[in-house]
Each structure stands twice: as structure tokens, then as C-alpha cells.
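Colleague: Give me a model of this one.
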Amino acid sequence: MSNNTLEILAICLSTEDVKEYLMITLLRNELEEKQQLYSCVSFDIDVIPLQNFRHMFRFDRADIIRLHAALRMPLRWQTPDRQVIGGVKRLCLLLRRFVYPNRLKDLQNEFGLHYSSLSKLLKHICHFIYIKWSKLLLNFSENKWLTEDYLLEIAALVHAKGAPLTNCVGFIDGTARAVCRPNLMQREMYSGHKRFHCLKFQSITLPNGIILHLSSPYPGRRHDAFIFRDTHMMEQLRLYCDRFCVYGDEGYPLRRQLIRPFSNVHLTEQQQEFNKQMVKVRQCVEWSFGKIIQQSAFVDFKKNQKLFLQPVGKFYIIAALLTNAHTCFYGSTTSHYFNVESPNILEYFQ
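Modeller: Model prediction:
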């Protein structure tokens, strides 16, 4: 803008009008620069070298396309600023975000979108996956592939690994995910046992590596037994696993479908041997927790897990669903240990 123009504006307009005009002009110029900067960047899944896919997205190129189809995501999405992008690109954005605790500003050059648009896109896709597929982790009946014959097969494999129980099909445990100290509900979120603020989740892992159940998040001060009771897990076990049982630690009550270790002061040799053999196979539930944060390191970055500012619990549940998808494609430490095949991706997401 020339000096003559400014002089004319100063004569014809008031000071406030000049300030408003200059502000609008600067904002318009900034918006045009951003559009020119990111319009020249185009994300193309076919351009990325094949050897980099596992490192960048945790999935191979062909498997990302299969995962997109299994999740039943739309082929085309419209951004809040009316840009149309492909569904595969949007899935890659979610995977790239979860792989490592990177910043959205670091991703805008890869995907050709401003970080504000990326933030809105991620919020939308997380909501889509959570609404459509979180039922797989909350309700046993939604897992159509989990038949009685399949449960008999995995119970036999658990017994073959040395477990004294002949009808054990899964392992239950709780985990605490650290979060930033919140401004509200600090006492509720603080775990006296872990000595930090956290959200707690309850999980049941099958010998095939699939996380069958993952509860909604609970405040850090809650005990595993409280979460078990509040989620009505006993009713689901009686309804869908009446002939079978899951194995947990001493924090859970002893029931017909829920077995726990012997915990008397004086244990017989048989009881000690039972505990010893069961703890060897029960460790797989810890492997599943480890795989979630290994595949989705973003949810393990405490400084970015801010309650009341972002959906921390939803992120962890989506990470568990993506971990199950990874297990369907490539197996896991648990499935290799018990030598059992995981369901394919279309069987799981149905």
C-alpha cells in the first residue's frame, strides 16, 4: 500500500476506520499466502516409498487401503473450509498423528493443509471411528467372529501352554494412563497407588492378541474391582462366556466366570504351583497394553494428554481399535506365544 493511498485514507476516513481497513487487508494477505503455500503440497499415498510405510503409519500401503474399506469410511470428505480430500488421506492423517507425539504444524507440510484444518479433520475422524466402532470394545455380542467353537479352541491352547485351567479364554486387568494435572477434579484423577494423575481402563485380552473389551475411562482413584462392578462385566461373562472363564489378579472377586490366584497366607504346594503356572500365561494382558502405546505413542505422551481440553479417553479407545486392526494384519506377541491365528480385518470390523 503506497503512502499516497494512506494519506487519502487519513483525510477521508476516521482513525478507527483506517485501522479496521488495514487489519482486514493484512488478514486477507495472510490468508492468501497460506493458500498459496499449501496448495502446492499434495499428499499422494503412491509417492511414499514402500519401505517407509510401516515407520510412518504402522501399516503397509495395501493394508491401509484395506483398513479404510473395513472401517467403512467415506471415499470423499469435505473439510470445514470446504476442501474435498480422499478418505484414505484422512485415515493416513490419523495414523500419522497417533504414531508419535508430533505437532500438527509438523504435519501441515506433509498433507498440504493448515494445522487448524488438520485439527478439525482429526476431531471429525476420531468422532466417526468412535461412534461406529467403539461398540466392539464395549459389548461382547458385537464381535460376530467370537463363536463357541473358537472359544473352545483358544481355551485348549491356553491349557496346552501349561495353564491348569481348561476353560480359560482370556485375561482381565486394569491400566492407568497418565495425564497432565487437571485444573478440575484433581482428587478424583489422582491415583494414590500410582502417585500421579491418570485415567483408568479395564481390558480383557484374548490369546489371539485381540483386545476383546476396553472400558470407558474412569477417574484415577477408582480401583479395578469398582470398574469391574460398574461396567456390569459379570453379566456379560455369564451371558456370552457361561462355560468359560477369564483370569485376573487378586484385585478381582472370585466368581464362576472370573478366576483369581490363591491368596491365603499359607498356600499348599498345589496352590503355589497353580499361581505360578497361571501368572506365566496371564502376562499377555500386559503385552496388549504395551502394544497400544508402542503402536500409538501419541497416547503415551503425558504432556499432551490434557483433560477437559481434548478427548483423552476417546483417543486411547481409538488407539486400541487400531491396535486390534494391526493384530489382524500382522499378529502380535500374544498370538505368536499361544500359536493362534487372529481374525482377519473384515471378520473383526463387521
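Colleague: Contacts only, for Cys284.
Modeller: For Cys284, the contact set (CB atoms under 8 Å, 6 or more residues apart in numbering) comprises Phe171, Thr205, Pro207, Gly209, Thr333, Thr334, Tyr337, Phe338. Placement of C-beta: from N, CA and C, glycine included.
Colleague: How about stretch 300-319, which residues are buried there?
Modeller: 300, 302, 304-305, 307, 311-319 (16 or more other CB atoms under 10 Å).
Colleague: One more: stretch 285-298?
Modeller: By neighbour count with 16+ other CB under 10 Å, stretch 285-298 contains the buried residues Val285, Trp287, Ser288, Phe289, Lys291, Ile292, Ile293, Gln295, Ser296, Phe298.
Colleague: Among those, name the ones in helices.
Modeller: Members of these lying in helices (criterion: DSSP state H): Val285, Trp287, Ser288, Phe289, Lys291, Ile292, Ile293, Gln295.
Colleague: and which of the contacts of Cys284 is nearest to Arg54?
Modeller: Thr333 (16.6 Å; CB to CB).
Colleague: how far away is the closest one from Phe274?
Modeller: 24 Å (CB to CB, to the nearest Å).
Colleague: I figured Val99 was touching Phe59, is that so?
Modeller: No. Counting by CB atoms under 8 Å, Val99 stays clear of Phe59, with 10.1 Å between them.
Colleague: Which one of these two is surrounded by more residues?
Modeller: Using other CB atoms under 10 Å, the more surrounded residue of Val99 and Phe59 is Phe59, with 22 against 18.
Colleague: Is that one in a helix, a strand, or coil?
Modeller: Three-state call for Phe59 (DSSP: H, G, I helix; E, B strand; the rest coil): coil.
Colleague: distance of it from Pro343?
Modeller: Going from Phe59 to Pro343 by CB to CB gives 17 Å.
Colleague: Next: Lys302.
Modeller: In terms of CB to CB, Lys302 sits 33 Å off from Pro343.
Colleague: And for Gln270?
Modeller: 36 Å.
Colleague: Who has more neighbours out of these two?
Modeller: Neighbours per residue, other CB under 10 Å: of Gln270 and Pro343, the larger number sits with Pro343, 20 against 10.
Colleague: Excluding covalently adjacent residues, which one is nearest to that one?
Modeller: If the residues on either side of it in the chain are set aside, Pro343 comes closest to Trp145, at 4.6 Å by CB to CB, 6 or more residues apart in numbering.
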